[in-house]
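Engineer: sequence unknown, structure follows:
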Ligand SMILES: Nc1ncnc2c1ncn2[C@@H]1O[C@H](COP(=O)(O)OP(=O)(O)OP(=O)(O)O)[C@@H](O)[C@H]1O
Ligand SMILES: [Mg+2]
């Protein structure tokens, strides 16, 4: 039931605090504002509103303390902020009141609409922006398989409801396009999508061309572009999870997508450095690595009786270095990783997923034995082919030297064709297995796994044996 306008206004009045505490700006250095007079009431994460000259209100957050003064970072521009400006204590814990009417809308990190479609309906329940993940012992287990609508993922990297996966790739290898496919094709009720630190121009293009009106209709999109202050970028990621939690608590199946976790980590790095934290690996401060699990653990299965948040998060690997610190940390937190590779994109096979380097940790437990056997066979052929690829390409491999390699060469183009998927094509779980079986020349559904004549033999102990002398 939508609230009447009067009720909404009364509600908002009731939420207003009945008194205000304030201090004064005692220094400004770069993006950091020092406030004196409120040290006894402020703590890390507290909110203040600094009143800039001309009465502009700049919301700020406490990120540290130095020499008895609070260090604040702004959520907006610091123009007009100077010594002596008033700094009012704001509501202790920022909350949002999401409602079903937020679907189809685009909001900023503060939960305000930025799509020009008018005000957002406010739901009855408040959600903290920085909630804790559900307690580990009270969490349900991951659910059954989820249809992601992308063949390569469905068959080789099957995901379960409530699973969290990372998509790791260098710049321009197809992360955003893959995310848009997931947003449009995944079999969930609701998408919550966080676009963190993207270029402003790309956001609109992505919303209109990649996500499209159909995808947007079942999504809430949270945007903080690269030119926004680091606090906005960090908060956008947290808001994304808060909205996902709100829909999950209503028993909905939620898909939570964040593009990208790296830009969130970079925002955290800027915040940490401003607060005087020492840089550790690659300039990232220790608080970045403490904050990453706090964010990512919020996705996943809820408590018994709730829905689940299936999470897919992109990680930008700078210079295609898959061992850089953020990638490493994220890989350790999530239940699997999908690696996109530039060489694969360069030869035009999209989505450019390197199957052999990617892992879903809920596999093989979530599959039927014959599905596992099928995927295993295909993986083996891919691996054999990749091992021999160089020799095959330069023509140094002689046909007939090794039966397994011959089989890999024979089936490779068909497996590649299964992995290739146009961004406008929707795949489904069952179709993926059928296509893979056809690529391997197997009957599907197979009456008995491995009984087919043409089933690939087990791999030789070392593939190198097959190399020509
Ligand atoms: N499935 C696809 N089919 C065809 N082309 C694709 C596909 N995926 C990606 N591309 C091509 O790759 C380009 C880059 O893709 P995308 O913007 O998704 O990369 P990205 O990894 O998000 O880049 P960035 O790091 O800059 O955000 C696209 O503009 C498009 O030309
Ligand atoms: Mg992108």
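Structural biologist: Everything's here; your move. If you're wondering where the values come from, they're calculated on a predicted model, not measured in any experiment. Ligands and ions are numbered 1, 2, ... in the order given.

Engineer: end to end, how far does stretch 40-51 reach?
Structural biologist: 20 Å (Cα to Cα, to the nearest Å).

Engineer: count of neighbours near the residue in the stretch 251-400 of the chain that ligand 1 sits nearest to?
Structural biologist: With Cβ to the nearest ligand atom, the shortest gap between the stretch 251-400 of the chain and ligand 1 falls at residue 350, namely 3.3 Å. Any C-beta I mention is one placed from the backbone N, CA and C, and that applies to glycine too. Using other Cβ atoms under 10 Å, residue 350 has 20 neighbouring residues.

Engineer: so the closest residue to residue 185 other than its chain neighbours: helix, strand or coil?
Structural biologist: Computed as Cβ to Cβ, 6 or more residues apart in numbering, the closest residue to residue 185 that is not its neighbour in sequence is residue 149, at 2.3 Å. Under DSSP: H, G, I helix; E, B strand; the rest coil, residue 149 falls in the coil class.

Engineer: all helices of the stretch 101-250 of the chain, in order?
Structural biologist: Remark: helices assigned in the stretch 101-250 of the chain by DSSP state H, counting those that start in this stretch are 151-156, 175-185, 200-205, 212-217, 230-249.

Engineer: got JSON lines for these, with distance to ligand 1, mean pLDDT and mean neighbour count too?
Structural biologist: Shown next, in JSON lines, are these (distance: least, Cβ to the nearest ligand atom, whole Å; pLDDT from 0 to 100; neighbours: other Cβ atoms under 10 Å):
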{"stretch": "helix 151-156", "distance to ligand 1": "11", "mean pLDDT": "94", "mean neighbour count": "25"}
{"stretch": "helix 175-185", "distance to ligand 1": "3", "mean pLDDT": "93", "mean neighbour count": "23"}
{"stretch": "helix 200-205", "distance to ligand 1": "7", "mean pLDDT": "90", "mean neighbour count": "13"}
{"stretch": "helix 212-217", "distance to ligand 1": "14", "mean pLDDT": "92", "mean neighbour count": "14"}
{"stretch": "helix 230-249", "distance to ligand 1": "15", "mean pLDDT": "95", "mean neighbour count": "26"}
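
Engineer: residue 162: which of these is closest?
Structural biologist: Of all those, helix 230-249 sits nearest to residue 162, with 9.4 Å by Cβ to Cβ.

Engineer: tell me the helix or strand right after the closest one.
Structural biologist: On the C-terminal side of helix 230-249, the nearest following helix or strand under DSSP states H and E is strand 254-259.

Engineer: what sits against the nearest residue to the residue of the stretch 251-400 of the chain closest to ligand 1 once chain neighbours are set aside?
Structural biologist: Using Cβ to Cβ, 6+ apart and skipping the chain neighbours, the partner closest in space to residue 350 is residue 174 (5.6 Å). Residues in contact with residue 174 (Cβ atoms under 8 Å, 6 or more residues apart in numbering) are 340, 345, 350-352.

Engineer: repeat for residue 291
Structural biologist: Contacts for residue 291 (Cβ under 8 Å, 6+ apart) come out as 234, 268.

Engineer: now do 6 Å
Structural biologist: Residues near residue 291 by Cβ atoms under 6 Å, 6 or more residues apart in numbering: residue 268.

Engineer: give me phi/psi at it?
Structural biologist: Here is the backbone geometry of residue 291 (degrees, to the nearest 10): phi -80, psi -30.

Engineer: distance between the ends of stretch 35-45?
Structural biologist: For stretch 35-45, the end-to-end distance is 14 Å (Cα to Cα).

Engineer: shaky segments in the stretch 1-150 of the chain?
Structural biologist: Scanning the stretch 1-150 of the chain for pLDDT under 70 picks out 1-3, 16-18, 92.

Engineer: near ligand 2, which residues of this structure?
Structural biologist: Contact residues (Cβ under 5 Å from the ion) of the chain with ligand 2: 175-176.

Engineer: got the contact list for the residue nearest the centre of the chain?
Structural biologist: The centre of the chain sits closest to residue 313, judged by Cα atoms, centre = their mean, with a distance of 2.0 Å. Each residue near residue 313 by Cβ under 6 Å, 6+ apart is listed here: 166, 258, 261.

Engineer: what's the answer for residue 53, then?
Structural biologist: Under the criterion of Cβ under 6 Å, 6+ apart, the contact list for residue 53 reads residue 80.

Engineer: look up how far ligand 1 lies from it.
Structural biologist: 38 Å (Cβ to the nearest ligand atom, to the nearest Å).

Engineer: one more: residue 29?
Structural biologist: Between residue 29 and ligand 1 the computed distance is 32 Å (Cβ to the nearest ligand atom).

Engineer: run through the bridge partners of that residue.
Structural biologist: Going by DSSP bridges, residue 29 is paired in beta bridges with residue 32.

Engineer: what distance do you get for it to ligand 2?
Structural biologist: According to Cβ to the ion, to the nearest Å, residue 29 and ligand 2 sit 33 Å apart.

Engineer: next, count neighbours for that residue.
Structural biologist: 9.

Engineer: so what's the closest residue to residue 282 other than its chain neighbours up against?
Structural biologist: Closest residue in space to residue 282, ignoring its immediate chain neighbours: residue 325 at 5.3 Å, by Cβ to Cβ, 6+ apart. Listed by Cβ under 6 Å, 6+ apart, the contact partners of residue 325 are 281-282, 284.

Engineer: try 8 Å
Structural biologist: By Cβ under 8 Å, 6+ apart, residue 325 lies in contact with 281-282, 284, 289.

Engineer: out of these, list just those in helices.
Structural biologist: Judged by DSSP state H, the contacts of residue 325 include residue 289 as members of helices.

Engineer: JSON lines for the contacts of residue 325, including neighbour count and pLDDT?
Structural biologist: Putting the contacts of residue 325 into JSON lines (neighbours: other Cβ atoms under 10 Å; pLDDT from 0 to 100) gives the following:
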{"residue": "281", "neighbour count": "14", "pLDDT": "82"}
{"residue": "282", "neighbour count": "13", "pLDDT": "84"}
{"residue": "284", "neighbour count": "22", "pLDDT": "92"}
{"residue": "289", "neighbour count": "20", "pLDDT": "94"}
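
Engineer: list just the nearest of the contacts of residue 325 to residue 9.
Structural biologist: Out of those, the member with the shortest distance to residue 9 (by Cβ to Cβ) is residue 289, at 43.6 Å.

Engineer: nearest residue to the closest one in space, please, no chain neighbours.
Structural biologist: residue 329 is the one closest to residue 289 (Cβ to Cβ, 6+ apart), at 5.3 Å.

Engineer: tell me the pLDDT of the one you found.
Structural biologist: Looking at residue 329, its pLDDT reads 93.

Engineer: any part of the helix or strand containing it near ligand 1?
Structural biologist: Residue 329 is part of helix 325-333, with elements assigned from DSSP H and E. No. Shown here: helix 325-333 not in contact with ligand 1 (Cβ under 6 Å from any ligand atom), separated by at least 13.6 Å.
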